[in-house]
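Visitor: Model the following, please.
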Amino acid sequence: MRFQLEHQDPKSGARKGIIHTDHGSIPTPIFMPVGTVGSVKAVHQRELKDDIEARIILGNTYHLYLRPGMDILQKAGGLHAFMGWDRPILTDSGGYQIFSLSNQRTLDEEGAHFRSHIDGSAHTFTPESVMEIQRQIGSDILMAFDECPPYPCSHEYAKNSMELTHRWLDRCIAYLNDKEPLYGHRQELFPIVQGSTYSDLRARSAEYIASKNCAGNAIGGLSVGEPAEEMYAMCADVCAILPKDRPRYLMGVGTPANLLENIALGVDMFDCVMPTRNGRNGMLFTSEGIMNMKNARWADDFGPIDPNGSCFVDEAYSKAYLRHLFTVNEYLAGQIASIHNLRFYLWLMEQARTHIEAGDFAAWKAVMVEKVSRRL
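Guide: Alright, predicted model coming up:
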């Protein structure tokens, strides 16, 4: 994998680049739709490629390990072949999912011991087993196994958690050094910066992660309940340390405004379930603001969903029609809303790249953050 840095905004940390992988090139900044179990909810792979124009999607180690299981994925030839997706895939290591199972898991030096949310069966993830699972999934980008600390937590807890994450990272690297990819394409490991909302810990973690000289680096443990300003402060600290010639991935973030603010700090890659999850519940993101499609005010509004045409569905369906579909609980409502929101997020990334290249990203961002944050 190779990262080609093309442009730097003169008035912010925003960067435009290209990540080259064996399954295709990824322009940055980029948003990655979340396909947790080998499917982006309510969206066909054809729509992901042709309508949304997704360049990379996510899978999740924890969920794919439980279902369909590694035996099925290996027989299929990996996740790309299994789901019919020929573009890049990134897999989350499962650390966040295990963090969310706080009442069903324990952590020690070996790894994480947890019970399945499906049937209660007992399992253990170690750095080595998580690397092997991701090898068998066949993702282009593998995430290191980490602990995601809760917010808030004490400095002592965050320090111990960060140091455990670093020791696990060393084991991930050692395991992969002795292995070859299973399906003929290159796989790269991204380590994860931790440290909660403590600047000294974030700086230590970023320095440690940078010293590993991996193909890219991630920022984890944010978007877990902390105020947005603390998220931005931590990202600023970390981006000042992580190498400029490697992509930076902020995990699990976020709103359109979050994306724009973090791009300005030097982040290149994002993922979040918000576009699809909120879309299925009637929340649409547009270039003019946020709409609740279940509101009566849209009942006789026959205009397009987004007047700026950031998505193909804006030309095909009116606000009134989409509200009607939500009112009668029609499955198509969630599908249209999910496609719209994902396309809007990808459109926003395209616009960001255009303005970074033009040299006016900072001014454009200031206008757009206000627009995409208001309720319509």
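
Visitor: Output the lowest mean pLDDT helix or strand found in the protein.
Guide: Across the helices and strands of the chain, mean confidence by mean pLDDT, DSSP states H and E is lowest for helix 313-316: a mean of 73.

Visitor: Make sure I have this right: residue 72 is in a helix.
Guide: Yes - Residue 72: assigned to a helix according to DSSP: H, G, I helix; E, B strand; the rest coil.

Visitor: Could I get the contacting residues of it?
Guide: Listed by Cβ atoms under 8 Å, 6 or more residues apart in numbering, the contact set of residue 72 reads residue 82. Yep, even glycine has a C-beta here, placed from its N, CA and C like the rest.

Visitor: And it, what's its pLDDT?
Guide: Listed pLDDT for residue 72 reads 98.

Visitor: May I see the buried residues of the helix or strand just after the least confident helix or strand of the chain?
Guide: Towards the C-terminus, the helix or strand next in line after helix 313-316, according to DSSP states H and E, is helix 319-327. In terms of neighbour count (16 or more other Cβ atoms under 10 Å), helix 319-327 has its buried residues at 319, 321-326.

Visitor: Show me what helix 319-327 is in contact with.
Guide: Contacting residues not belonging to helix 319-327 are listed as 282, 284, 291, 293-295, 298-305, 332-333, 336-337 [Cβ under 8 Å, 6+ apart].

Visitor: can you check stretch 297-314 too?
Guide: For stretch 297-314, contacts defined as Cβ under 8 Å, 6+ apart pick out 51, 284, 286-288, 291, 315, 317-320, 322-324, 336, 339-340, 343-344, 347-348.

Visitor: Give me the ChimeraX select line for those residues, limited to the buried ones.
Guide: The command below creates a ChimeraX selection of those among the contacts of stretch 297-314 that count as buried (16+ other Cβ under 10 Å):
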select :51,284,286,287,291,317,318,319,322,323,324,336,339,340,343,344,347,348
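
Visitor: measure the residue lying farthest from the centre of the chain to residue 308 for me?
Guide: In the chain, counting by Cα atoms, centre = their mean, residue 300 sits farthest out from the average C-alpha position, at 35.9 Å. With distances defined as Cβ to Cβ, to the nearest Å, the gap from residue 300 to residue 308 amounts to 22 Å.

Visitor: just residue 301 next, same as before
Guide: Counting by Cβ to Cβ, the gap from residue 301 to residue 308 is 16 Å.

Visitor: Those two: which has the busier surroundings?
Guide: residue 301 (16 against 13; other Cβ atoms under 10 Å).

Visitor: So that one, which state does it fall into?
Guide: Criterion first, three-state DSSP; result for residue 301: coil.

Visitor: Also the one 10 residues further on?
Guide: Assigned by three-state DSSP, the conformation of residue 311 is coil.
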